[in-house]
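> Here is the input, now give the coordinates:
(chains A and B)
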Number of protein chains: 2
Amino acid sequence: MPVIGVFDSGFGGLTVLQALLPLIPGAHYIYLGDTARLPYGAKSQTTIARFAVESARFLEAHGADLLVIACNTATALALPDIRASVKIPVVGVVEPGARAAHVTLTIPSTNLSSRPESAFVADAAERPAASPLRPEVLILATSATVQSHAYRTECELLDLHATEVATPLLVPLVEEGWTDHPVTRDVLRIYLTEALAQCVPDAVILGCTHYPLIALAIEQTLRDLGSQARIIDSAHATARAAAAALGFNTIPTDGKPATFDCYATDSVDKFRRLGSSFLGQQIPEVKLLDLGG
Amino acid sequence: MPVIGVFDSGFGGLTVLQALLPLIPGAHYIYLGDTARLPYGAKSQTTIARFAVESARFLEAHGADLLVIACNTATALALPDIRASVKIPVVGVVEPGARAAHVTLTIPSTNLSSRPESAFVADAAERPAASPLRPEVLILATSATVQSHAYRTECELLDLHATEVATPLLVPLVEEGWTDHPVTRDVLRIYLTEALAQCVPDAVILGCTHYPLIALAIEQTLRDLGSQARIIDSAHATARAAAAALGFNTIPTDGKPATFDCYATDSVDKFRRLGSSFLGQQIPEVKLLDLGG
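Numbering: from 1, shown residues only, chains lettered A, B, ... in the order given. Sure thing, here's the model as predicted:
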């Protein structure tokens, strides 16, 4: 039974855990949210790397066979530091997200219908034939992720043109619970109007694990602004990349259900209460962890 | 020359330092912003106390004669822990803020005109005679500060009726730089409409050191909603309490200018860049500090 460590600065990575749970039969997951020190999105590379490496070492020491960095900021700023600090394979969210955009935009014949994909990820069969021009991708992310240009680097390797836009108010709005709220729609309209003045995207990558909770509002705002861009939620792409790294390339139809433990560095009550909306199911128990921070 | 330590989770406490600088001639200030672990406003008492005590000990070890906790959340959640961990006097922001509301609302003859008060703090001479009813105070603050009921406790000691309302989006909006922005006014209208359904305040305490940067928008929104409540900015009240604790009860008109050093636990470049809007002057140098977190 594989043990998979999943790390995020807080609750957002639970959207990746939700995508992982049905993919690998009988796996055991250890989720760690560094809630005492969240959010990472406006902090420096040095600080983010220090925090992320501490968490990665904890998960390796607790038996993880594979580490999933279910946090865009930690992946974008600290993936090399994390890989250098542990002996197990490490999967981040940035490369799978960029690859999902590439598949959606350039491989029209791919049969996506059997994949457990987000409702918001375009089915390639529905989209027009690939343009002879380089497809354009818009990445919405935290300030730190944008400044790292991690998505632009991955997209350019795949011959996608990337525009990265920082949308720092979206995490606080999701955490306030305003996922379907006029203020959130106003903020999205402001951010996306600015973004669409810079590019005409074929796809929009949700470059932060909080954003799937407002994917519908993002899609509606894009349509209101005249964009037909497809929404790419990297949570599912990351889950598939993690499964592939362990040799699970098909979707299990039976088998033992997965189990999980959750650790948080701040209030376990709050984690249990708020985490359920990200995970889509109740979290029975959360253990308090002191990383010395 | 007194050395005064000033602590906040981030930049907000610089509004208190700005109020302190002209008050005590020749003082030297050491400001510490725990920017690697900010914000504190949604975290637990245990975590906030642990972080704040580490910072208090650092400032005492660096020669502070007095410690000013220029952070509402750290004061509300951790003042007893901080006082127990250092040997120097400690001044928080909550008691001075509540006292400033009390003075404004109940002592009509006080001559406030010679005090270096915020433009937004009411002059007692302008307000109607004190009502025979208990004055009502509305406190706007972070979730953690509200849940601690620290302001309600202080207000009740002063025979003020307190209503505490959490306004968690205001810090991210100020940090986004949207201090004069339609979205900030919409968010204020939503928060203040809910608050005014619970009470008819005579005064509104800005219970977070970020809020003075949107004091004008808060005042305008209150007026639009039909409230004549006075705005109380606890930064100036805290500065006066700190000066009084050191025996400086008059306003110096000359003397050596104060000096200050700044420490931050995350990016010093960002601190220098963003901190100047909170301090109202350029910050020439910021030193990086590792508190082990």
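
> can we go C-alpha only for contacts and neighbour counts from here?
OK.

> Show me what from chain A comes close to chain B.
Applying C-alpha under 8 Å from any C-alpha of the partner chain, we find that chain A lies next to chain B at A:35-39, A:43-44, A:47, A:51, A:168-169, A:172-173, A:176, A:183, A:186-187, A:266-267, A:291-293.

> out of the residues you listed, which are buried?
Neighbour-count burial (16 or more other C-alpha atoms under 10 Å in any protein chain shown) applied to the residues of chain A next to chain B gives A:35-39, A:43-44, A:47, A:51, A:168-169, A:172-173, A:183, A:187, A:266-267, A:293.

> So what touches the helix or strand where residue A:244 lies?
Following DSSP states H and E, one finds residue A:244 within helix A:234-245. The contact list for helix A:234-245 (C-alpha atoms under 8 Å, 6 or more residues apart in numbering or on different chains) reads A:15-17, A:19-20, A:23-24, A:66, A:68, A:70, A:89, A:91-94, A:96-97, A:99-100, A:116-118, A:205-207, A:209, A:249.

> Tabulate the CA atom coordinates of that helix in PDB.
Output of helix A:234-245 as PDB, limited to C-alpha atoms (Å, rounded to 0.1, in the frame of the first residue of the first chain):
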ATOM      1  CA  SER A 234      -4.400  21.600 -12.200                       C
ATOM      2  CA  ALA A 235      -5.700  19.500  -9.200                       C
ATOM      3  CA  HIS A 236      -6.800  16.700 -11.400                       C
ATOM      4  CA  ALA A 237      -3.800  16.800 -13.700                       C
ATOM      5  CA  THR A 238      -1.500  16.700 -10.600                       C
ATOM      6  CA  ALA A 239      -3.400  13.700  -9.200                       C
ATOM      7  CA  ARG A 240      -2.900  11.900 -12.500                       C
ATOM      8  CA  ALA A 241       0.800  12.700 -12.500                       C
ATOM      9  CA  ALA A 242       1.100  11.400  -9.000                       C
ATOM     10  CA  ALA A 243      -0.700   8.200  -9.900                       C
ATOM     11  CA  ALA A 244       1.500   7.800 -13.000                       C
ATOM     12  CA  ALA A 245       4.700   8.300 -10.900                       C
END
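
> could you point out which element follows that helix?
Per DSSP H and E, the first helix or strand lying C-terminal to helix A:234-245 is strand A:259-264.

> Give the pairing partners of that following strand; include direction for each.
strand A:28-33 (parallel), strand A:286-288 (parallel) (DSSP bridges).

> To residue B:194, which of those lies closest?
Residue B:194 lies closest, by C-alpha to C-alpha, to one member of the strands paired with strand A:259-264: strand A:28-33, at 32.1 Å.

> Would you list the phi and psi of residue A:282?
Residue A:282 adopts backbone torsions of phi -70, psi 140, taken as degrees, to the nearest 10.

> State the number of residues packed around the residue nearest to it when sequence neighbours are not counted.
Leaving aside its sequence neighbours, residue A:282 sits nearest to residue A:276 (C-alpha to C-alpha, 6 or more residues apart in numbering or on different chains; 5.1 Å). Residue A:276: 16 surrounding residues under other C-alpha atoms under 10 Å in any protein chain shown.

> starting at the chain centroid, how far to the helix holding residue A:244?
Centroid separation for helix A:234-245 versus its chain: 10 Å, with C-alpha atoms, centre = their mean, to the nearest Å.

> what comes up buried for that helix?
Residues A:234, A:235, A:236, A:237, A:238, A:239, A:240, A:241, A:242, A:243 are the ones in helix A:234-245 that count as buried (16+ other C-alpha under 10 Å).

> Please enumerate the strands of chain A.
Taking DSSP state E, the strands of chain A run over residues A:3-8, A:28-33, A:66-69, A:90-91, A:136-141, A:161-166, A:203-207, A:230-233, A:259-264, A:286-288.

> Can you redo those strands as CSV, where the extra columns are mean pLDDT and mean neighbour count?
Compiled in CSV, the strands of chain A are given as follows (pLDDT from 0 to 100; neighbours: other C-alpha atoms under 10 Å in any protein chain shown):
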stretch, mean pLDDT, mean neighbour count
strand A:3-8, 97, 27
strand A:28-33, 97, 24
strand A:66-69, 98, 26
strand A:90-91, 98, 22
strand A:136-141, 98, 26
strand A:161-166, 98, 22
strand A:203-207, 98, 26
strand A:230-233, 96, 27
strand A:259-264, 96, 19
strand A:286-288, 96, 17
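
> Export the buried residues of helix A:234-245 as a markdown table, with columns for pLDDT.
Shown next, in a markdown table, are the buried residues of helix A:234-245 (pLDDT from 0 to 100):
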| residue | pLDDT |
| --- | --- |
| A:234 | 90 |
| A:235 | 91 |
| A:236 | 90 |
| A:237 | 93 |
| A:238 | 96 |
| A:239 | 94 |
| A:240 | 93 |
| A:241 | 95 |
| A:242 | 95 |
| A:243 | 93 |
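
> Give me the neighbour count for the closest residue in space to residue A:77 that isn't next to it in sequence.
Among residues not flanking residue A:77 along the chain, residue A:45 sits closest, at 5.6 Å (C-alpha to C-alpha, 6+ apart). By the criterion of other C-alpha under 10 Å, residue A:45 has 21 neighbours.

> got a list of what residue A:45 touches?
A:77, A:78, A:144.

> average pLDDT for stretch A:41-52?
Taken as a whole, stretch A:41-52 carries a mean pLDDT of 96.

> Now do the helices in the stretch 51-200 of chain A.
A:72-85, A:94-106, A:143-148, A:150-157, A:170-175, A:182-196 (DSSP state H, counting those that start in this stretch).

> ok, back up a step: who wins for neighbours among the contacts of residue A:45?
residue A:77 (27 neighbours).
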